[in-house]
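Peer 1: for reference, the sequence and a predicted model appear below.
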Amino acid sequence: MVCTMKQTRRDFLQACATGAGLLSAGALAGCSTKQAAAGDSLLRVGVAKREVTPPVWVPYLTSSGAGTCAPFDGVHDPLFARALVLDDGRQALALLAVDAIGYDNFVLGPGRDFTAEVRRRVAAGTGLRPEAVMLASTHAHSTPETIGLTNFRDVAGVRYWLERHVEELAAVAVEAWRQRVPARARFGKTTVTGVARNRRILLKSGKLSPRRELPAPQDIAAPAPVDEELSVLWFERDTGAPHAVVLNYTAHPVVTMLLPPVSADYPGAACRLVEEQLASAACMFTQGAAGNINSVKVATSHADAEAIGRKLGDAALAEIKSLRELPPLTTPRLQFASSRIILPPRDCPPLAEAETLARSNPTPQNQRTLRLAHKLAEGPIEAEVQAMALGPVKWVSLPGEPFVEIGLALKQSGASFVLGYTNGWIGYLPIQRAYQEGGYEVGVGSWSRVAPGSAEKLVAVAKKLLHQTG
């Protein structure tokens with residue numbers, strides 16, 4: 001069976017779709033592998049971890065509004081790429097989780113696609129098909145500016161670093177493929193409070209709350225949900241030894257934002273703690289639908305990032321302890337499905353018109369409009385929605401910054417966990433109501449590229465894929 005796929009901030013943080021076709025239910029195989037022995041309930045699971053800390057001269061994002069980036073001044077804690085390969089004897093798939101802000105698929109330049117190039121390299125070194133690979137980012141902000149909001153690619157040396165980065169991301173997945181061993185899987189969830197807060201609270205005055213602290217309940221006009229669910233996918237070897245953990249939580253990793261050293265922020269701290277306590281295991285953090293969800297601390301200190309990471313890490317370890325007392329998933333079957341659609345861009349003048357306007361009247365608003373026009377001129381906004389399943393455990397991904405309402409809706413539709421910032425970065429994916437409310441996420445800028453209703457289109461596609469992987 002052959003699978004086919006269509007080719008191809010400080011201020012705000014603080015204060016027409018055409019289907020490319022769903023893969024058929026019969027085309028869900030990631031690759032063909034040797035048939036598992038009858039009655040064998042074990043998967044073959046491979047994990048690998050590689051440091052991907054950049055040279056300090058590689059820039060990080062200093063202002064999305066002004067479109068600026070700057071070099072780091074050192075390294076507080078290293079960045080890693082971690083890979084998980086699952087093989088049920090019938091088919092296989094891979095999840096890559098990287099300490100990164102995200103990857104604009106145009107970041108390598110005209111005519112190239114970042115995710116596609118990583119996938120091709122992975123496929124060349126393994127038995128995996130390219131479309132069986134999921135590339136996820138934690139969205140940590142003290143990492144290289146790979147989401148295309150600045151002139152990052154034009155900084156001396158960056159293009160060479162990007163080429164090497166593609167190679168190292170693929171290499172960690174190839175390593176995980178080569179290290180597959182028999183393992184059992186378990187899945188659980190727990191609630192962790194005091195980490196996340198909704199940063200778009202609509203007041204009865206019609207304005208969004210400008211304060212870090214929560215407004216009084218009587219002043220709030222509409223629900224401002226959070227998703228405090230920590231999902232834990234746990235793997236142990238057939239000997240019972242720890243092997244791998246996948247975590248999923250929903251909160252912008254902006255604790256160390258704008259602090260100039262390299263840092264993986266709280267996701268890095270959480271993974272580090274879990275890996276220290278489970279010495280033979282690799283821990284992967286995947287970011288949820290955090291488009292409108294902050295961490296409770298913003299641009300404060302590395303100590304705060306460590307404290308939040310420790311809170312999530314401790315919760316994960318407690319959940320793993322409980323899971324180890326439960327039966328593993330029985331003969332878990334792997335499935336995946338994927339679809340690409342072209343999303344309509346938000347209103348923006350053509351590039352030539354935006355250039356003329358910015359020259360004649362170089363206001364900040366016109367400069368932001370010009371940067372948006374440049375991004376939209378690079379090509380259509382192609383969005384890939386991807387779903388994977390390990391028996392009853394399903395995860396679905398979106399290629400930008402979905403609002404938490406989207407993540408909660410997909411969980412209600414059967415997703416065990418939801419990933420944003422995956423297989424590309426196309427900016428914010430706000431719910432339709434947000435466009436009327438205003439605010440940073442829907443303001444004119446290169447971070448806000450899609451037209452109203454785009455998120456809802458992606459949700460509809462995601463629900464179909466979740467059904468297919470059932």
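Peer 2: Arrived safely.
Peer 1: surely Ile308 meets Tyr266?
Peer 2: Yes. At 4.1 Å, Ile308 counts as touching Tyr266 under the criterion of Cβ atoms under 8 Å. From N, CA and C alone the C-beta is placed, and that goes for glycine too.
Peer 1: so what sits against both of the two?
Peer 2: Here Ile308 and Tyr266 have 195, 255, 295 as joint contacts, going by Cβ atoms under 8 Å, 6 or more residues apart in numbering.
Peer 1: between those, which sits nearest Pro402?
Peer 2: Closest approach to Pro402 among these (Cβ to Cβ): Ser295, at 16.9 Å.
Peer 1: tell me the pLDDT of the spatially closest residue to that closest one that is not a sequence neighbour.
Peer 2: Leaving aside its sequence neighbours, Ser295 sits nearest to Ala251 (Cβ to Cβ, 6 or more residues apart in numbering; 4.7 Å). Predicted confidence (pLDDT) for Ala251: 98.
Peer 1: go on, Arg212?
Peer 2: Arg212 carries a pLDDT value of 72.
Peer 1: next up, the contacts around Asn151.
Peer 2: Asn151 touches 67, 69, counting by Cβ under 8 Å, 6+ apart.
Peer 1: distance of it from Ala354?
Peer 2: Between Asn151 and Ala354 the computed distance is 16 Å (Cβ to Cβ, to the nearest Å).
Peer 1: over to Ala124?
Peer 2: Between Ala124 and Ala354 the computed distance is 40 Å (Cβ to Cβ).
Peer 1: so for the two, which residue has more residues nearby?
Peer 2: Per other Cβ atoms under 10 Å, whichever of Ala124 and Ala354 has more neighbours is Ala354, with 22 against 11.
Peer 1: quickly find the element holding the closest residue to the more buried one other than its chain neighbours.
Peer 2: With Cβ to Cβ, 6+ apart as the criterion, Ala354 has its nearest non-adjacent residue at 3.7 Å, and that residue is Ala373. Element membership of Ala373 [criterion: DSSP states H and E] is helix 364-377.
Peer 1: again, but for Glu382
Peer 2: Here Glu382 is assigned to strand 381-390, by DSSP H and E.
Peer 1: C-terminal to that strand, what's the next element?
Peer 2: Per DSSP H and E, the first helix or strand lying C-terminal to strand 381-390 is strand 393-397.
Peer 1: who does the following helix or strand past that following strand touch, helix- and strand-wise?
Peer 2: Next along the chain after strand 393-397, taking DSSP H and E as the criterion, comes strand 401-402. Judged by 3 or more Cβ pairs under 8 Å, 6 or more residues apart in numbering; DSSP states H and E, strand 401-402 is in contact with strand 428-429.
Peer 1: what's the offset of the strand it packs on from the middle of its chain?
Peer 2: Centroid separation for strand 428-429 versus its chain: 12 Å, with Cα atoms, centre = their mean, to the nearest Å.
Peer 1: what does that strand contact?
Peer 2: With contact meaning Cβ under 8 Å, 6+ apart, strand 428-429 is reached by 291, 398, 400-403, 406, 420, 441-442, 447-448, 450, 454-455, 458.
Peer 1: same thing but 7 Å
Peer 2: Here strand 428-429 makes contact (Cβ atoms under 7 Å, 6 or more residues apart in numbering) with 291, 398, 400-403, 406, 441, 447-448, 450, 454-455, 458.
Peer 1: do the same with stretch 259-268
Peer 2: Stretch 259-268 is contacted by residues 53-54, 72-77, 79, 99, 138, 140-143, 253, 255-256, 285, 295, 299, 302, 305, 308-309, 312 when judged by Cβ under 7 Å, 6+ apart.
Peer 1: thank you, goodbye.
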